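Chemist: The amino acid sequence is not available; the structure is as follows:
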DNA sequence: TGGTCGACTTGACGCATATCAAACCGACCG
DNA sequence: CGGTCGGTTTGATATGCGTCAAGTCGACCA
């Protein structure tokens, strides 16, 4: 593996936070100087407005791998933005089966499924050491009244979540295991690009089990298909370090997504 | 089939609109006297507020079966509420395959996937003669500033859409064809109940092809399973007229949803 | 150094669902 | 009345993925 790749991986895995968060309550980072700003905040929001937002956002100390931000059924108080690391959300069916609803990476917002009935419909857990910003929903509502652009932005965020979910529904419904996995790889790649990292080399932050669960497959199938892709030369994979060797081919497998 | 059932079917199929909409521009029906009011409007909204909402809502003449309300890629202007009939939304993959995203019945809201980038991510078509209320998004934004409860309600609606989609993701990912079909039947039944109609006898407003597409199955599998359910005596089915004979059994098949 | 454990890989086999093909049925039309 | 057509049902066969089982690899620890 190249040094350049190592660098990209390290940046991806640890991102902004690692040095910032060594103190218990890190209030130094703010929305205005956050490197993710334009991803998570409305572009339309002016500098003064950002300061107001800053005032309501709570910044947590780092969340260790495996620790929960909230659990299914908890009272809904806040939505969250990922600052570093990866968060997965999942729900348990009445019979106790886990279903992963999404993976959230830096700059992405989650927890919006709790708004409708003031109780979280899913649980959120850190897949690696992560940091998040917590945005209390009450404060957000009040602030939205003063900042129409903020309100619009949140509608847009929720709308995007809806569109994303519906795209996932399409994949799951009628695509083969090959297509699903290729599509996931492309999704991770695109989100990496959005954060100005490599489109072709990154670390899979989740386990094979999580990938399988998310895509509605078994872990064996995921493993087999990743091996097949490797043998075909479209990817290179060592543990969780992924390199896309043939982007065109991946797109083709995914159905030109 | 009983007379009572016939009545229920007719009401379900035609609902409020048929007599109202024979004139070209029907402005008589209003949110305040709409029988669906409490389903689609915020319960918290007061009577005076409803009048304000009334002012921004456009009521369309009936949409004939097969006609579109909007197409994928169209500029986003409004969201819609179903007054009568059934609307399906679907998107086309780059390769041209259709994927149905949802079926919307009276009192339900759709079109919210267009907010994020001002362009509809899906198309909406009437499965039968239907009527809808169109709510211009601009007016809604302005009005929301004056009516905080309206804004909250819309956040809730979108949140519910997210939660619904995520539930669908769970079904599609890891459930058998039997479970999917049983779950769809239960969903239709529950939505009927919500509108104060029969839980056990109603008309399937969509074709077998649509059911198959929505659930990620083939039409043959859908047909076979519906036949099997009939033979087992858990449902009775003649064309699109459905009667649930053994609700417990359906729940059991669906996995106690 | 060797041992254990969890995450992952690989192989053999079976089943659920897709695919292919044909027949049925009601609606509409000449 | 017969003919055609779209939507649906039913049957025979193929296959993709799940299931079960065994094996590999790396991390951690005594």
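Modeler: Looks like it arrived, so ask away. What you see is a predicted model, and the numbers here were worked out from it, not measured in a lab.

Chemist: how far out from the middle of the chain is stretch A:100-108?
Modeler: 2 Å (Cα atoms, centre = their mean, to the nearest Å).

Chemist: Now do it, average pLDDT.
Modeler: For stretch A:100-108, mean pLDDT is 91.

Chemist: those strands in chain A, which residues are they?
Modeler: Along chain A, counting by DSSP state E, strands occupy A:58-59, A:68-70, A:78-84, A:87-92, A:98-104, A:109-110, A:123-126, A:131-136, A:201-203, A:235-238, A:241-244.

Chemist: Out of the ones you listed, the one nearest DNA strand D is which?
Modeler: strand A:235-238 (8.5 Å; Cβ to the nearest atom of the strand). C-beta: built from backbone N, CA, C; applies to glycine.

Chemist: In the sheet, which strands lie alongside the closest one, parallel or antiparallel?
Modeler: strand A:241-244 (antiparallel) (DSSP bridges).

Chemist: Quick check: mean pLDDT of the partner strand?
Modeler: Per-residue scores along strand A:241-244 average to 94.

Chemist: That one near DNA strand D anywhere?
Modeler: No - using Cβ under 7 Å from any atom of the strand, we find that strand A:241-244 stays clear of DNA strand D, coming within 11.5 Å at best.

Chemist: Pull out the buried residues from that strand.
Modeler: A:241, A:242, A:244 (16 or more other Cβ atoms under 10 Å in any protein chain shown).

Chemist: State the distance from residue A:215 to residue A:122.
Modeler: Distance, residue A:215 to residue A:122, by Cβ to Cβ, to the nearest Å: 17 Å.

Chemist: next one: residue A:218
Modeler: Distance from residue A:218 to residue A:122, by Cβ to Cβ: 22 Å.

Chemist: How about residues contacting stretch A:195-211?
Modeler: A:5, A:8-9, A:11-13, A:36, A:39, A:85-86, A:88, A:100, A:103, A:105-107, A:127-128, A:181, A:184, A:188-190, A:192-193, A:214, A:217, A:219, A:222-223, A:226, A:240-245, A:247 (Cβ atoms under 8 Å, 6 or more residues apart in numbering or on different chains).

Chemist: Run through the residues that contact the residue nearest the centre of chain A.
Modeler: For chain A, the residue nearest the mean C-alpha position is residue A:104 (1.3 Å; Cα atoms, centre = their mean). Residues near residue A:104 by Cβ under 8 Å, 6+ apart: A:82, A:86, A:87, A:88, A:89, A:110.

Chemist: So what pairs up with residue A:238 in the strands?
Modeler: Residues in a beta bridge with residue A:238, per DSSP bridges, are residue A:241.

Chemist: number of nearby residues for it?
Modeler: 9 (other Cβ atoms under 10 Å in any protein chain shown).

Chemist: pLDDT below threshold where in chain A?
Modeler: For chain A, applying pLDDT under 70 flags the ranges A:1-29, A:35, A:37-39, A:41-45, A:256-257.

Chemist: so who does residue A:253 touch?
Modeler: A:178, A:179, A:182, A:234.

Chemist: and which of those is nearest chain B?
Modeler: Closest approach between these and chain B, by Cβ to the nearest Cβ: residue A:179, at 10.3 Å.

Chemist: Quick check: that closest one touching residue A:251?
Modeler: No - using Cβ atoms under 8 Å, residue A:179 is not in contact with residue A:251, being 11.0 Å away.

Chemist: Count the residues that sit near residue A:239.
Modeler: Neighbour tally, residue A:239, other Cβ under 10 Å: 7.

Chemist: Next, find the distance separating it from residue A:204.
Modeler: If you go by Cβ to Cβ, the gap between residue A:239 and residue A:204 works out to 9 Å.

Chemist: Please apply the same query to residue A:210.
Modeler: 9 Å.

Chemist: and what of residue A:99?
Modeler: 19 Å.

Chemist: ditto for residue A:228
Modeler: Using Cβ to Cβ, residue A:228 is found at 16 Å from residue A:204.

Chemist: Settle it for me: which of these two has more neighbours?
Modeler: Neighbours of residue A:228 and residue A:204, each counted by other Cβ under 10 Å, are more numerous for residue A:204; the result is 20 against 14.

Chemist: got the contact list for residue A:69?
Modeler: Counting by Cβ under 8 Å, 6+ apart, residue A:69 touches A:63, A:80, A:87, A:111, A:124, A:125, A:126, A:132.

Chemist: can you list the residues of chain A near DNA strand C?
Modeler: Counting by Cβ under 7 Å from any atom of the strand, the residues of chain A near DNA strand C are A:207-209, A:219-220, A:222-224, A:226-227, A:237, A:239-240.

Chemist: could you redo the last one with a cut-off of 6 Å?
Modeler: A:207, A:208, A:209, A:219, A:220, A:223, A:224, A:226, A:227 (Cβ under 6 Å from any atom of the strand).

Chemist: Pull out the buried positions in stretch A:182-192.
Modeler: Quick answer for stretch A:182-192 (16+ other Cβ under 10 Å): A:182, A:183, A:184, A:185, A:186, A:187, A:188, A:189, A:191, A:192.

Chemist: Among those, name the ones in helices.
Modeler: In helices, defined here by DSSP state H, the members of the buried residues of stretch A:182-192 are A:182, A:183, A:184, A:185, A:186, A:187, A:188, A:189, A:191, A:192.

Chemist: Closest one of these to residue A:140?
Modeler: The closest of these to residue A:140 turns out to be residue A:191 (Cβ to Cβ; 23.9 Å).

Chemist: Which residue is the nearest non-sequential neighbour of the closest one?
Modeler: residue A:105 (5.4 Å; Cβ to Cβ, 6 or more residues apart in numbering or on different chains).

Chemist: Who are the contact partners of residue A:56?
Modeler: By Cβ under 8 Å, 6+ apart, residue A:56 lies in contact with A:135, A:136, A:139, A:140, A:143.

Chemist: List the residues that contact the second one.
Modeler: When you say that, I think you mean residue A:136. A:56, A:58, A:77, A:78.

Chemist: Name the member of the residues you listed with the most neighbours.
Modeler: Neighbour max across these (other Cβ under 10 Å) = residue A:78, 20 neighbours.

Chemist: That residue reaches residue A:141, doesn't it?
Modeler: No - using Cβ under 8 Å, residue A:78 makes no contact with residue A:141, being 11.7 Å away.

Chemist: residues near residue A:161, how many?
Modeler: Summarising burial for residue A:161: neighbours were counted as other Cβ under 10 Å, giving 24.

Chemist: Show me which residues of the stretch 1-150 of chain A sit near chain B.
Modeler: Contacts of the stretch 1-150 of chain A with chain B, taken as Cβ under 8 Å from any Cβ of the partner chain, map to A:91, A:93-95, A:97, A:99, A:101-102, A:112-117, A:121-122, A:141, A:144-145, A:148.

Chemist: Up against DNA strand D, what does the stretch 51-200 of chain A have?
Modeler: Residues of the stretch 51-200 of chain A lying close to DNA strand D by Cβ under 6 Å from any atom of the strand are A:176, A:177, A:178.

Chemist: repeat that for 10 Å
Modeler: A:175, A:176, A:177, A:178, A:179, A:180, A:181 (Cβ under 10 Å from any atom of the strand).

Chemist: could those go into JSON lines alongside neighbour count?
Modeler: Shown next, in JSON lines, are these (neighbours: other Cβ atoms under 10 Å in any protein chain shown):
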{"residue": "A:175", "neighbour count": "22"}
{"residue": "A:176", "neighbour count": "12"}
{"residue": "A:177", "neighbour count": "17"}
{"residue": "A:178", "neighbour count": "15"}
{"residue": "A:179", "neighbour count": "16"}
{"residue": "A:180", "neighbour count": "25"}
{"residue": "A:181", "neighbour count": "25"}
